[in-house]
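**Student:** just the structure for this:
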Amino acid sequence: MDASMSTNNPAANTLQLLAIPQLMKKHFFIPDYQRGYRWEQDQIYQLLKDLWKYFKLGKKRPMGFYCLQPIVVKECSKETIQKYALPDLSAIPAYDDNDEKTGPKNNVWYEVIDGQQRLTTIRILLAFHEKRNFIKCHPYELKYATRPEFGEVFDNLDINLDEQTAGIKTDFVFKNVDVEYVQNCARHIITWFTTDTIVEKYKFNEMGTFLADFYKDASKEISVQVIWYESKETTDSREIFERLNNLKVPLSSSELIRALFLSETAEYGCILTPQQLALDDTRQAEIRDEDKKKKQGSINAKWDEIEHFFQNDKFWAFVTNRDSKQYRNRIELLFDFMSGKYVKSEAAQKDRLFTYLYFDSQDKDLWDLWEDVVRNFDCLRFWFENKDYYHKIGYLIHEKQDAVLISLLSFANSLKHKKSEFEAELDEQIRKTINTSKTFFQLSYDDARDYKVLKSVLLLYNIELTRSLPNESWFPFDEYKDVEKKDGWTLEHIHAQNSECLDRTKRTEWRDWVAYTIAARESILSPDTKVSALLSDLKAMKVRLDEEIKNKTARIPYEDVVDLFKRDLDCWSGGKAYTVMHQLSNLALLSQGVNSGISKGAFSVKQQYINKCIADGVYIPIATKKVFLKHYYHLENSNSPAAEDQTKAELLSQQFLTWDDSDRAAYLDSIFKTLSHYFSPDKF
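**Tutor:** Okay, here's the model as predicted:
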């Protein structure tokens, strides 16, 4: 249901929880725009399995009620009652004697906008309940606009528990596909109870207890309840139905929570002064009503402010790794954090209404509960706007998901902790994300366990490097996570690996490597004879490869391209083995998309490609930019064996195209200094 569903008067809609017995004696009308009953075996089995588990656990450890999905209704208009000749209910008492007269009425026809499948399944289970427990429970009535005779199917269920069979009585003459589905449902229930599994044993023997538990009222420690949502809109019911079903937008926790705070039936505590208590009851009621309206007006305005703030993609990316498209109203994420949903069981995390049920179960005044919401929002907003907290908490959320934010909110809201303790907790949590007994020097790219640690180290380095820059520099979690979802982040070797990275079977990759290498070598200001000869041979090879790819021939040996690769590599390494190939000092973060475009080439080839990506607006992490823009090179510290025979200008030109020991040392030194707040020198 979207926000427009309540445009007539959102506060007038009724929202409440009803145990199964509270549905009895009600009268439901299924309009013609509803499809027929269509629950299959999988849906029925899943419901029975969930209920079985709930009843078993609930008797050992009370855990609140089991909540079925919402039933959305609207009181039938006089026109609908007349058109479909629905029986007159005016002679029926509106409420039972023991009712508090706050629930649905017994003398009203309710048009079912959403929930027909659930109501039908519950009605079938009630037939089993009556049969097994020998109790008349006065089930609710269901009338159907397009198939009036179908409503009698429930009284014609033929359930024989002694023979373990179920079906439809032979004298029930009305036949259609809906009847077949009801019959199948009854048979599936029998089959489920008579089929034991390792987890659910002796089910048939406990069928009576199961069905009795299903019918317990809300006062019991375990009960089954539904969310009853009664619309007071003047909007046509078909339009509401289309929004709920055709657009696939069922009621969400946030919308139900909104109704919890803003509905007409919401109750707020109001402490009257002695002077007000001296007034008559009517005036006291008016004062309480004015107080409620004032509070609800404040909540409504603040709600919109919070939702607007959560619409900021940068804030969203800071506070969670989740896809915002999963949330129709982003404020729901705040409620999920407060309910602790993402640190609960897998079933709780999948439960669309878990968070609403958490809020509905809170034993405190609604205004106090709303102040909890505001306090948690203000905390998140403060962290987002504080540069240090933004970077540290943003990193932790990326690495440890929602659980760490829920933990930090609890820690921050605890009055016993000081600011210094909170900051110490952040630093300790960050240290724990680098979970390895090795030093950073010992971590290796080709060790699967080390690979993840290296990615975390480099991400933390990029974030902390950004945090150390002037105030206008903030790490873009939104851009980083967008790339992560689209391509994923990988570790890229800064210095070239070896010719094995060229696929023996993919000639287009040979051609791409040759083309990028030509572009890189042509940028050299004063190439020597060795480089000039290589460049000439590369250009000749590109012509040959272009021709072969065009004509779909394959005559150039793989070894010829490998030879060019080795010659190019030797120009910058002097043929010397690069012993730190897989270590931190030779690794940088790159997206999979960018990495796939440059992995087959020397440093200068990668440098050329990344510069083009930067010019095209592709997001490249700050440390990776600094690597390929040569920000880590210090000429006076060069260990190049040729330094004595070259001018500084020539050396600088060549060094700009290579990644040597001097660069590596400067890179490691920067990582150490940037992360020294978290890790001792012996970690490096």
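**Student:** and for Glu239, the neighbour number?
**Tutor:** Residues near Glu239, counting by other CB atoms under 10 Å, number 13. Using the backbone N, CA and C atoms, a C-beta is placed for each residue, glycine as well.
**Student:** in which helix or strand would I find it?
**Tutor:** helix 237-244 (DSSP states H and E).
**Student:** regarding the protein, what is its longest strand?
**Tutor:** strand 66-75 (DSSP state E).
**Student:** helices or strands up against that one?
**Tutor:** helix 41-60, strand 109-114, helix 116-133, strand 224-230, helix 237-244 (3 or more CB pairs under 8 Å, 6 or more residues apart in numbering; DSSP states H and E).
**Student:** then whichever helix or strand comes after it to PDB, C-alphas only?
**Tutor:** Counting by DSSP H and E, the element after strand 66-75 in chain order, helix or strand, is helix 78-83. C-alpha atoms of helix 78-83 as PDB (Å, rounded to 0.1, in the frame of the first residue of the first chain):
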ATOM      1  CA  LYS A  78     -25.400  -0.100   0.800                       C
ATOM      2  CA  GLU A  79     -25.200  -0.300  -3.000                       C
ATOM      3  CA  THR A  80     -23.000  -3.400  -2.700                       C
ATOM      4  CA  ILE A  81     -25.400  -5.100  -0.200                       C
ATOM      5  CA  GLN A  82     -28.400  -4.400  -2.400                       C
ATOM      6  CA  LYS A  83     -26.700  -5.400  -5.700                       C
END
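**Student:** please enumerate residues in contact with helix 78-83?
**Tutor:** For helix 78-83, the surrounding residues in contact (CB atoms under 8 Å, 6 or more residues apart in numbering) are 29, 31, 86, 109, 111.
**Student:** and those residues as TSV, adding distance to Phe193, neighbour count and pLDDT?
**Tutor:** Compiled in TSV, the contacts of helix 78-83 are given as follows (distance: CB to CB, whole Å; neighbours: other CB atoms under 10 Å; pLDDT from 0 to 100):
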residue	distance to Phe193	neighbour count	pLDDT
Phe29	32	22	95
Pro31	34	19	90
Leu86	36	17	94
Trp109	34	22	96
Glu111	34	23	95
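**Student:** tell me which of the helices and strands packed on strand 66-75 is the most buried.
**Tutor:** strand 109-114 (a mean of 23; mean count of other CB atoms under 10 Å).
**Student:** parallel or antiparallel, which strands does it pair with?
**Tutor:** strand 27-30 (parallel), strand 66-75 (antiparallel) (DSSP bridges).
**Student:** I'd like to know which of those is closest to Ser526.
**Tutor:** strand 66-75 (74.5 Å; CB to CB).
**Student:** what average pLDDT does the closest one get?
**Tutor:** Mean pLDDT, strand 66-75: 88.
**Student:** chain center to it: distance?
**Tutor:** 25 Å (CA atoms, centre = their mean, to the nearest Å).
**Student:** and the contacts of that strand?
**Tutor:** 1, 17, 28, 50-51, 54, 58, 104, 108-115, 118-119, 122, 222-233, 237, 240, 244, 250-251, 256, 352-353, 357.
**Student:** what number of residues lie near Lys683?
**Tutor:** 17.
**Student:** give me the pLDDT for it.
**Tutor:** pLDDT at Lys683 comes out at 81.
**Student:** again, but for Met63
**Tutor:** Per the predicted model, pLDDT is 61 at Met63.
**Student:** repeat for Val249
**Tutor:** 48.
**Student:** let's have the chain start at 32 instead
**Tutor:** Yep, numbering from 32; the last one is Val280 now.
**Student:** could the helices and strands packed on strand 97-106 go into TSV alongside distance to Asn642?
**Tutor:** TSV is the format used below for these (distance: least, CB to CB, whole Å):
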stretch	distance to Asn642
helix 72-91	55
strand 140-145	56
helix 147-164	59
strand 255-261	57
helix 268-275	51
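**Student:** among these, which comes closest to Arg538?
**Tutor:** helix 72-91 (50.0 Å).
**Student:** before we move on, the earlier item: looking at the strands paired with strand 140-145, which is nearest to Asn215?
**Tutor:** Here strand 58-61 is closest among those (CB to CB), at 18.9 Å.
**Student:** need the contact partners of the closest one.
**Tutor:** Contacts of strand 58-61 (CB under 8 Å, 6+ apart): 104, 107, 111, 115, 117, 120, 137, 139-143, 147, 150, 171-176.
**Student:** now the longest strand of the chain - C-alpha only, PDB.
**Tutor:** Presented in PDB, the C-alpha positions along strand 97-106 are these (Å, rounded to 0.1, in the frame of the first residue of the first chain):
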ATOM      1  CA  TYR A  97       2.400 -16.100  15.600                       C
ATOM      2  CA  CYS A  98       1.300 -13.400  13.200                       C
ATOM      3  CA  LEU A  99      -0.400 -14.100   9.800                       C
ATOM      4  CA  GLN A 100      -0.200 -11.600   7.000                       C
ATOM      5  CA  PRO A 101      -2.700  -8.700   7.000                       C
ATOM      6  CA  ILE A 102      -6.300  -8.900   6.100                       C
ATOM      7  CA  VAL A 103      -7.500  -5.600   4.500                       C
ATOM      8  CA  VAL A 104     -11.200  -4.900   4.500                       C
ATOM      9  CA  LYS A 105     -13.700  -2.100   4.000                       C
ATOM     10  CA  GLU A 106     -17.300  -2.000   5.200                       C
END
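**Student:** give me the low-pLDDT residue ranges for the stretch 132-281 of the chain?
**Tutor:** Counting by pLDDT under 70, the stretch 132-281 of the chain shows low-confidence ranges at 132-133, 271-281.
**Student:** name the helices or strands packed onto the one helix or strand Asp700 maps to?
**Tutor:** With secondary structure defined by DSSP H and E, Asp700 is part of helix 692-706. Helices and strands touching helix 692-706, by 3+ CB pairs under 8 Å, 6+ apart, are helix 479-498, helix 653-659.
**Student:** and Pro588, how far from Arg575?
**Tutor:** Distance from Pro588 to Arg575, counting by CB to CB, to the nearest Å: 11 Å.
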